[in-house]
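# for reference, the sequence and a predicted model appear below.
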Amino acid sequence: MFFFVTLLVCFIVFMLLTSFFNRKHKVLISFASALVVSMLLQVLEQFYLSSILVAAFLVYFIIGNISTFKSNQLKLSLAVLFSTSIVTLVLSFTYFNQKTTPPDAEILRVMFIYYPLLVIFTACYAYMLLNLFNFKILQATNPLLYILNKVRAWRRMMHMFWIISRKGLAHLIQQDHAKLPYVIAEVLDNMGGVFVKFAQVLSTKKDMLPANYIQAFSSLHDQVKPLSPQELKVIIDTKIGNMDETYESFGMEPIAAASIGQVHLAKLKSTGEMVVVKILRPDVKQKMTVDLDILIQFVSWLSERSVKIKRLGLIQLAEGFKQNLIEETDFDIEALNTNLIRKAFEEHNIRIRVPEIYSEYSTKQILTMEYIEGTSFTKAVTSDVSERVMHAFLDQILVIGIFHADPHPGNLMLTADGEVALIDFGSVGYLTDEERGGMLSFLMGYSNRDTKEMAYGLTRVCEDGHLLDEKLIEQRLSRLLSEASFSPDPTSVMMKRMMSMITEMGMSLKPTIAGAFRAIITLDGTLSSVDDTYSLSAASQSYATHMDKGQVVKERLTKVKEQITDYIPKLLELPILKDNKIMIAREENHSLHDFMGTLTVGIFTVICMVVMLASFVLQGEAMRFLLAPLSISGFGVGMIILIMAVIKQLKPKV
């Protein structure tokens with residue numbers, strides 16, 4: 001009877017949930033789910049489920065009201081449930097399962113004193129371990145979705161390794177065969193989606209990859225099935241409002257479609273304006289995150305097995321690709337990027353059009369923007385246009401500090417009246433004042449052929465730049481300048497060879513700076529393909545000539561003055577510094593805290609061990625029910641913490 005009542009109640013609940021979430025096959029899903037839950041409850045009822053849940057709720061209420069435990073409710077609830085289940089089951093199958101019935105007074109003491117204390121202390125131990133190991137599933141906002149993604153990741157990984165073995169990729173890596181790039185391209189193509197998009201990105205990195213890799217990756221195309229009209233209507237009705245009331249007309253056939261989303265032309269009913277509507281595919285973020293992690297594992301696997309592939313820097317490219325792609329799945333970020341650059345262009349009088357965003361018709365999944373009619377940069381343009389575009393990008397990087405990170409031909413448009421428009425701000429880089437200053441120093445040094453200034457600027461935009469040898473960098477830059485001077489376009493050659501020099505010297509550009517250099521090189525390739533007279537050297541030289549150097553110097557002095565004004569009061573508050581004693585004391589104090597923490601855990605573990613050993617000799621009610629179990633579990637937890645502390649100390653300091 002209990003089983004059928006539970007089945008009926010669960011079936012009704014699941015029917016309501018499937019209706020709320022608009023799921024297909026509602027009756028079948030609800031019945032199957034109710035059957036599984038009912039069978040699970042029937043089984044658990046045999047193991048004192050009711051008593052476990054009641055006790056767990058009471059203990060959770062007690063511990064949850066202690067301020068120390070309020071920070072992470074999920075870990076606490078799991079710790080309490082685990083503790084209550086273990087203690088209840090152990091007592092049930094040992095103490096309460098004896099042949100002789102214990103005295104009533106002893107049973108009362110066990111139930112109302114020893115049992116709650118054991119549950120509370122064991123829950124604290126479990127909570128400590130959950131915080132110590134920091135399981136990823138507990139950090140997830142939706143643990144069930146995390147598990148489903150892990151299952152999907154395992155299936156995708158198995159599929160990828162099946163393709164790798166079928167194509168003989170592992171054998172080709174060892175031989176470094178000429179077919180290797182084409183086989184890698186086939187693997188990416190068979191995996192589809194994110195992997196194909198990554199290959200398309202790689203095909204544009206002519207400055208970093210050999211010609212055979214560029215050729216292999218250029219043949220891949222992202223073939224996706226567009227969303228059906230019914231799916232489009234459901235998305236718009238849910239996220240924006242009634243489709244028929246919002247748009248006067250809506251083109252169901254996308255003008256562009258990719259694995260992330262698709263783009264449609266529409267006309268607003270309220271204003272009659274033509275707009276571009278970008279729609280994100282449902283559940284694309286969860287699926288894409290799984291594939292991106294697998295992609296990085298695949299690239300790491302390739303790099304570990306081939307020194308030549310490792311030198312290509314595919315791991316860094318994959319990590320940057322992952323970050324950019326995740327940002328592209330949040331249209332709020334793209335809307336913000338578009339509005340910021342549009343406003344900055346207006347303030348700095350940059351003659352590049354940026355589409356207007358219609359925020360009232362935009363969400364995280366739908367982006368509505370102004371429709372700019374024109375042709376992409378696939379046809380010839382004048383030298384005035386190409387110079388204007390390059391100057392605008394240098395302004396973005398050196399003056400504004402926000403730049404379009406993917407200026408390929410499809411993102412640049414030429415309107416009928418000769419205006420240049422820039423679209424698609426899903427991938428945008430942000431530079432700090434220090435990074436802009438470093439880039440500016442490098443460019444000014446290059447325009448004056450001052451290798452010392454160039455080296456200074458380069459160290460400011462590299463990771464751990466203060467540790468680099470400026471003299472050695474200056475010598476290498478001087479050699480590069482001499483070599484590049486024999487080229488028809490010295491600046492373009494200089495940029496590409498400098499990126500190789502940075503890798504060879506073991507240096508590492510800051511991610512945003514690497515993105516800025518790649519954007520310049522990408523734009524250089526775009527403009528070179530549409531303007532035969534274009535030269536990066538001429539464009540950068542003309543930019544440096546027109547740059548207000550007096551204003552740049554003034555900005556630098558103002559920045560230094562602000563820093564001094566900010567630091568002087570703080571310096572006056574400090575005691576007299578001598579031989580960096582304060583810094584050393586702070587470092588020693590930090591180490592002292594670590595030592596004291598480890599010592600405390602060590603003493604706790606020793607005490608638990610002594611009590612545990614004593615429990616084997618001494619006999620008594622309190623020892624049997626309370627001190628022995630607590631000392632055993634405490635000793636285990638203490639040993640785990642000490643082992644983790646030792647491992648941390650043995651790790652090499654980076």
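Perfect, I can see it now.
# and the helices in the stretch 51-200 of the chain, which stretches?
73-93, 104-109, 115-133, 136-139, 143-167, 169-175, 180-191, 194-202 (DSSP state H, counting those that start in this stretch).
# try the stretch 501-650 of the chain
Taking DSSP H, counting those that start in this stretch as the criterion, the stretch 501-650 of the chain carries its helices at 511-530, 536-546, 549-573, 581-617, 621-622, 628-650.
# circling back: which of the helices of the stretch 51-200 of the chain sits most buried?
Ranked by mean neighbour count under mean count of other Cβ atoms under 10 Å, the helices of the stretch 51-200 of the chain are led by helix 194-202, which reaches a mean of 22. Using the backbone N, CA and C atoms, a C-beta is placed for each residue, glycine as well.
# next, the angle from that one to helix 180-191.
Taking axes from the mean of the first three to the mean of the last three Cα atoms, to 10 degrees, one finds helix 194-202 and helix 180-191 inclined to each other by 140 degrees.
# wait, Met274 touches Ile255, no?
No - in this structure, Met274 is not within contact of Ile255 by Cβ atoms under 8 Å, at 11.8 Å.
# and the two? Which one has more around it.
Just comparing Met274 and Ile255: by other Cβ atoms under 10 Å the higher neighbour count belongs to Met274, 15 against 11.
# without its sequence neighbours, what residue ends up closest to that one?
Leaving aside its chain neighbours, Met274 sits nearest to Tyr371 (4.2 Å; criterion: Cβ to Cβ, 6 or more residues apart in numbering).
# next: Asn212.
Pro181 (5.1 Å).
# and Gln316, by the same measure?
Spatial nearest neighbour of Gln316, chain neighbours left out: Ala514 (7.5 Å); criterion: Cβ to Cβ, 6+ apart.
# number of residues surrounding the one you found?
There are 20 residues near Ala514, going by other Cβ under 10 Å.
# then the one 4 residues further on?
Residue crowding around Arg518 was assessed by other Cβ under 10 Å; the count is 23.
# any idea how far it is from Asp424?
In this view, Arg518 and Asp424 are 16 Å apart by Cβ to Cβ, to the nearest Å.
# same check on Asp395?
19 Å.
# which of those two has more residues huddled nearby?
The residue with more neighbours, out of Asp395 and Asp424, is Asp424; 22 against 19, by other Cβ under 10 Å.
# doesn't the more buried one fall inside a helix?
No - going by DSSP: H, G, I helix; E, B strand; the rest coil, the assignment for Asp424 is coil, not a helix.
# show the contacting residues for it.
By Cβ atoms under 8 Å, 6 or more residues apart in numbering, the contact list for Asp424 reads 334, 406, 410-411.
# farthest pair within those?
With distances taken as Cβ to Cβ, the most widely separated pair in the contacts of Asp424 is Glu334 and Gly410, at 15.6 Å.
# before we move on, the earlier item: the residue nearest to Met274: neighbouring residues, count only.
By the criterion of other Cβ under 10 Å, Tyr371 has 15 neighbours.
# and the gap between it and Leu227?
For Tyr371, the distance to Leu227 equals 20 Å [Cβ to Cβ].
# once you drop chain neighbours, what's closest to Glu419?
Once flanking residues are discounted, Glu419 sits nearest to Arg353: 5.4 Å by Cβ to Cβ, 6+ apart.
# measure the residue lying closest to Val284 once chain neighbours are set aside to Glu327 for me?
Nearest residue to Val284 in three dimensions, chain neighbours excluded: Ile260, at 5.8 Å (Cβ to Cβ, 6+ apart). Separation of Ile260 from Glu327 (Cβ to Cβ): 11 Å.
# these two - which one has more neighbours?
Taking other Cβ under 10 Å, Ile260 and Glu327 do not tie; Ile260 has more neighbours (21 against 15).
# can you give me every residue that contacts the closest residue to Phe121 other than its chain neighbours?
Excluding the flanking residues, the one nearest Phe121 by Cβ to Cβ, 6+ apart is Leu630, at 5.3 Å. Residues near Leu630 by Cβ under 8 Å, 6+ apart: 117-118, 121-122, 608, 611.
# for Leu523, state which of these is nearest.
Nearest to Leu523 among these: Thr122, at 62.0 Å, using Cβ to Cβ.
# list the contacts of that closest one.
82-83, 86-87, 629-630, 633.
# could you check how far it is from Phe198?
48 Å.
# same question, Met191
10 Å.
# format the helices of the stretch 51-200 of the chain as a markdown table; extra columns: distance to Met288.
As requested, these are exported to a markdown table (distance: least, Cβ to Cβ, whole Å):
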| stretch | distance to Met288 |
| --- | --- |
| helix 73-93 | 25 |
| helix 104-109 | 58 |
| helix 115-133 | 28 |
| helix 136-139 | 18 |
| helix 143-167 | 11 |
| helix 169-175 | 23 |
| helix 180-191 | 12 |
| helix 194-202 | 6 |
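# got these as TSV, with distance to Met243 and mean pLDDT columns?
Formatted as TSV, these follow (distance: least, Cβ to Cβ, whole Å; pLDDT from 0 to 100):
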stretch	distance to Met243	mean pLDDT
helix 73-93	39	79
helix 104-109	68	82
helix 115-133	47	79
helix 136-139	38	61
helix 143-167	28	81
helix 169-175	46	78
helix 180-191	34	87
helix 194-202	29	84
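# of those helices, which is nearest Val13?
Of all the helices of the stretch 51-200 of the chain, helix 143-167 sits nearest to Val13, with 16.1 Å by Cβ to Cβ.
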